[in-house]
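>>> I need the structure of the sequence given here:
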Amino acid sequence: MPSIQINDNEYVKLSSFLEPLSIKPVYNRVLHKISFNNSKDIFILSPISDAVAIDGNVLMFEKPLVVNKGVIYVSRAAAISLATKLPYTIKKRTVMIDPGHGGSGDDGLGAKAEFNDKTIYEKNITLSFAKKLGELLQNNGYIVSYTRTNDKKIPLAERTSTANNDGTNIFISIHANSSIDPMARGADVFYMSEEAEDAYAEIVAKKENTLLANNKNRKDVDSVLSSIMTSGHIKESARLAYNISSRIPVKMVNRGVKKAPFAVLHSAYMPSVLIEVGFMSNTNDLSDMLNEEWIEKMAKNISKGINLYFINSKEE
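Prediction:
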């Protein structure tokens, strides 16, 4: 086998994205074959070939597979292709809720607006909403955890690291929108994509990512791995987003589902969505987001969408 330089930006350990799915590859040194299955498909790889067989269908990749000191490495392109073919199985109904922002500084405060001679910050709206959503889910038997439960600044990497490590099934990031158009209002549900689907989605993602930029703390290799895991769950994230959106009534100004490259979702190794519950730049929306009755109604609709997602998922 030729000697190959293992560059962290080009190669990742096969186990790094299989372990979260409880899949263990087996290496046969005699046959030069690596195999694993997910109860549906059988995957066969070889360190002496660029090919991967998936139930008889062969995929070819530009970079060869590598086995170095017993550790199996695959190229980034191969890993993403494999991850998209792996299923997502629900083991427990666990949800991590991420109240956007928190703490001081522009990245901590988030969007802000004046209301009844008071300055309202996004960080407070998201925390109140997240707690109500979590309460409703817990009342329905879900295991709920939060990235923060008080006014605390949470580094970007930490927002998903706990969820990635403790087997959380879905990740919900809560935010409040803003716009130069004071008439813009309503709720958006976003899921992760490498590219924004339209100009509006790109603007929203850039706004959130800019605020989080000062909070960013992630190595290149983690970024590569995140890309692989996110790619593997894009379909599930889209399904989660559409299930949630389907339960938000038109009268509450449902703006539908969109996809965009949100930094916080890029770090999640499970189906994840970002929900902008309303526009702080719109007087009606801002009034609603400060109203406990409205918060409960919107949170209840979102919890129904989450429940619908789990009902239609494969559970062990």
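
>>> how about the contacts made by the closest residue to Ser35 other than its chain neighbours?
Spatial nearest neighbour of Ser35, excluding adjacent residues (Cβ to Cβ, 6 or more residues apart in numbering): Ile44 at 5.0 Å. Yep, even glycine has a C-beta here, placed from its N, CA and C like the rest. For Ile44, the contacting residues are Lys33, Ile34, Ser35, Val52, Ala53, Ile54, taking Cβ atoms under 8 Å, 6 or more residues apart in numbering as the criterion.

>>> the fifth one contacts Asn37, correct?
No - counting by Cβ atoms under 8 Å, Asn37 is not a contact partner of Ala53; they are 12.0 Å apart.

>>> these two: which is more packed in?
Neighbours were tallied for Ala53 and for Asn37 using other Cβ atoms under 10 Å; the higher tally belongs to Ala53 (17 against 13).

>>> what's the pLDDT at the more buried one?
According to the model's per-residue confidence, Ala53 sits at a pLDDT of 79.

>>> going forward can the numbers begin at 9, since that is how I track them
Let's use 9 as the start, then, which means that last one is Ala61.

>>> now it. Its backbone dihedrals?
Per-residue torsions, Ala61: phi -100, psi 130 (degrees, to the nearest 10).

>>> cool, the one 3 residues further on as well?
The main-chain torsion angles of Gly64 are listed as degrees, to the nearest 10 and equal phi 90, psi -20.

>>> gap between it and Ile52?
9 Å (Cβ to Cβ, to the nearest Å).

>>> which stretches of the protein have low pLDDT?
For the chain, the stretches flagged by pLDDT under 70 are 9-17, 28-29, 47-48, 95, 219-237, 239, 322-324.

>>> okay, and the beta partners of Lys21?
Beta-bridge partners for Lys21, by DSSP bridges, are Tyr81.

>>> that one: how many residues sit nearby?
18.

>>> likewise for Ile188?
Residues lying near Ile188 (other Cβ under 10 Å) number 7.

>>> over to Thr218?
Counted with other Cβ under 10 Å, residues neighbouring Thr218 total 12.

>>> what about Glu301, helix or strand, and which?
Secondary structure assignment for Glu301, by DSSP states H and E: helix 300-319.

>>> convert that helix to CSV, retaining C-alpha atoms only.
Taking Å, rounded to 0.1, in the frame of the first residue of the first chain, the C-alpha atoms of helix 300-319 are listed here in CSV:
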residue,chain,number,x,y,z
GLU,A,300,-47.0,34.7,28.0
GLU,A,301,-50.2,33.5,26.4
TRP,A,302,-48.7,33.8,22.9
ILE,A,303,-45.5,32.2,24.0
GLU,A,304,-47.4,29.2,25.3
LYS,A,305,-49.5,28.9,22.1
MET,A,306,-46.4,29.1,19.8
ALA,A,307,-44.4,26.8,22.0
LYS,A,308,-47.3,24.3,22.0
ASN,A,309,-47.4,24.3,18.2
ILE,A,310,-43.7,23.7,17.9
SER,A,311,-43.9,20.9,20.5
LYS,A,312,-46.6,19.3,18.4
GLY,A,313,-44.4,19.4,15.4
ILE,A,314,-41.5,17.8,17.3
ASN,A,315,-43.8,15.1,18.5
LEU,A,316,-45.0,14.5,14.9
TYR,A,317,-41.3,14.1,13.9
PHE,A,318,-40.7,11.4,16.6
ILE,A,319,-44.0,9.6,15.8
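
>>> contacts for it next, please.
Helix 300-319 has contacts (Cβ under 8 Å, 6+ apart) with 98, 101, 103, 136-137, 140-141, 144-145, 148, 150, 177-178, 180, 195, 247-248, 251-257, 260, 279, 283, 285, 296-297.

>>> picking up where we left off before, mutual contacts of Ala61 and Asn45, please.
Both Ala61 and Asn45 are contacted by Phe51, under the criterion Cβ under 8 Å, 6+ apart.

>>> Ile52 belongs to a helix?
No - applying DSSP: H, G, I helix; E, B strand; the rest coil, one finds Ile52 to be strand, outside a helix.

>>> hmm, Val212 is touching Glu284, no?
Yes - contact criterion Cβ under 8 Å: Val212 and Glu284 qualify, at 6.8 Å.

>>> perfect, that will be all.
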